[in-house]
Structures are given as structure tokens and as C-alpha cells.
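# after the sequence you'll find the predicted model.
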Amino acid sequence: MKTTKLIAGFSVAHLAVLSAQAQGFVNLDFESASIPAQTSVGSLIPISEALPGWSAYFDSTTFGIEPTTQVGYDGVSTGGPIISVIDKNSQLYGPLQGSYSAFLFGGDGFSSSISQTGTIPTGSKSLLLDAWSYDATPIVAINGQSINLVPHQTFATYTLYDGDISSYAGSVTLSFTEPSPTTGGPSEFILDNISFSTNAPTPEPSIIALTAIGGLLFGARKWFARRRYAVQAKA
């Protein structure tokens, strides 16, 4: 229920906050970060410097949705939620691609989120992103509606996901949420290289599984038929 409230809240809040960016998404690869010189690891810095173009939020059942104007630089947490930009100076994680990635940590009953409003390019069918997560499954939403992500390709340190966005067009609010951990341990999400593609999204795993099962059954049927024919011929 908390998740539904959170992603629905983006649809209203961001239309006002990010109306100036409605003409197009920016900084989808997080490479636009401008970290002030001599910034120490773990410091809080303005989101306009760490994650230009994005807004950041925390949410809990107690306090509701709370926007934040500061995020961490290579900051991690052992308890409470945190949103950071991470680079090669991070003591625990490095960027998935390029020089910077976004890091979301949910904890102590809080979810952490980033969001942006922009225009989905005409003809787009799928949303692509590089991601790594631990414990909780990250929530990706457009206009408050969750997008089901499917693994497209797995690499050593991250997975390329895609999701069906063929029913969306024009100006939308895109949000990424790391829920509160489900096991009491850390709930972490590293995000990078968000893009839109005109290629059809990867089929759902259930469809792939059904196709594979169908192929196995068909092959088994042919094997049994050949075996039966061989037995009959021998007789």
C-alpha cells in the first residue's frame, strides 16, 4: 500500500516541480554530475550538482513523502535510507558504466526514490537500463504505473533490463524506487544508462518458459512416436 501511495504521489508532485523539463529527459546516464573540488566521500551535496535534472524523495508510513534537495557523494548507509551519486572513489561500489551511477538505499521503514519528467520519444517500445540490486526488487514507474522489467542481458557487475512502454507517449513522469528492505538487511539499487528503444521489449519469462516447455513436449512426442514405430517395425 505504501508503494502505491509513493508512485501515485509522483504523478502530482513532479508535474509542478519539473514542468520546465517536460520537453525532454536529461542526464539519463548520470554523467552530468559536477562534484565540487575537495568534496569528501560521504558528504551531502546539492542534488543539482550530484544528479542534475532529477528530484529525490524519501517515503515512510509515518512521515509520508519527503523531498530532499541534498544527496550523498559516494555515501552508503547501514540503516537509514540514502540517495547518492557514486564514482570510482566509492569505498564499496563503483559506477556501472562511465564515471557516475545513481545509488538508492532503502532502510528503517523508508523507501528512497528519484524521479524526472520528460517526453518519451515517438515510436519507443521499450525502456532500457543497467542495474544492480540487493534484497528488494526496485520499482520502475511511469505516471505512477509500475513497469515490469525483464532481464535482457547479464554482465559481471550488472544486468541490462528492459520493460514494455509501448502504451506510453508524450510527457510522462519516470521514477525509480528502492523499497524498504524485506529481510532486515540492506536494500540497495545502483542505476545507470537509462534509454528508450524502438525495439520490442524482451518477452515475459513466463512466455519463454511456456515456449520452452512446448518445445520439449513436442520433441518428446516425436521421440515416443519414433520409438513406437521402431518397436512396431521390429515386431
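On my side now, so go ahead.
# residue boundaries of the helices in this structure?
2-17, 47-50, 205-234 (DSSP state H).
# quickly list the domain ranges of the chain.
Here the domain parsing of the chain from automatic domain parsing is 2-202, 203-235.
# highest mean neighbour count out of these?
Mean neighbours per residue, mean count of other CB atoms under 10 Å, is largest over the domains of the chain for domain 2-202, with a mean of 18. Glycine gets a C-beta too; all of them are placed from N, C-alpha and C.
# please work out the average pLDDT along that domain.
If you average the pLDDT over domain 2-202, you get 86.
# renumber starting at 11 from here on
Sure, I'll start counting at 11 from here, so that last one is domain 12-212.
# isn't Pro46 up against Ile55?
Yes: between Pro46 and Ile55 there is a contact under CB atoms under 8 Å: 6.9 Å.
# ok, Ile130 to Thr183 distance?
From Ile130 across to Thr183, the span is 11 Å (CB to CB, to the nearest Å).
# next: Leu114.
Leu114 sits at a distance of 17 Å from Thr183 (criterion: CB to CB).
# from Pro131, how far out is Ile124?
For Ile124, the distance to Pro131 - CB to CB - is 21 Å.
# how about Ile45, nearest residue that isn't a chain neighbour?
Closest residue in space to Ile45, ignoring its immediate chain neighbours: Tyr83 at 6.1 Å, by CB to CB, 6 or more residues apart in numbering.
# hmm, Ser94 and the one you found touching each other?
Yes: Tyr83 is within contact range of Ser94, at 6.6 Å (criterion: CB under 8 Å).
# find residues that contact each of the two.
Listed as contacting both Tyr83 and Ser94 by CB atoms under 8 Å, 6 or more residues apart in numbering are Ala60.
# so where do the strands sit in the chain?
Here the chain has its strands, by DSSP state E, at 54-56, 65-70, 74-78, 80-83, 92-96, 111-116, 120-130, 136-144, 149-152, 155-156, 159-164, 169-174, 180-188, 197-207.
# Glu214: which of the ones you listed is closest?
Minimum separation from Glu214 across these (CB to CB) falls at strand 159-164, 6.3 Å.
# CA-only coordinates of that closest one in PDB, if you can.
Only the C-alpha atoms of strand 159-164 are listed here, as PDB (Å, rounded to 0.1, in the frame of the first residue of the first chain):
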ATOM      1  CA  LEU A 159      11.300  -5.200 -16.000                       C
ATOM      2  CA  VAL A 160      12.700  -8.300 -17.700                       C
ATOM      3  CA  PRO A 161      16.400  -9.200 -17.700                       C
ATOM      4  CA  HIS A 162      17.800  -8.700 -21.300                       C
ATOM      5  CA  GLN A 163      21.500  -9.500 -20.800                       C
ATOM      6  CA  THR A 164      23.600 -10.200 -17.700                       C
END
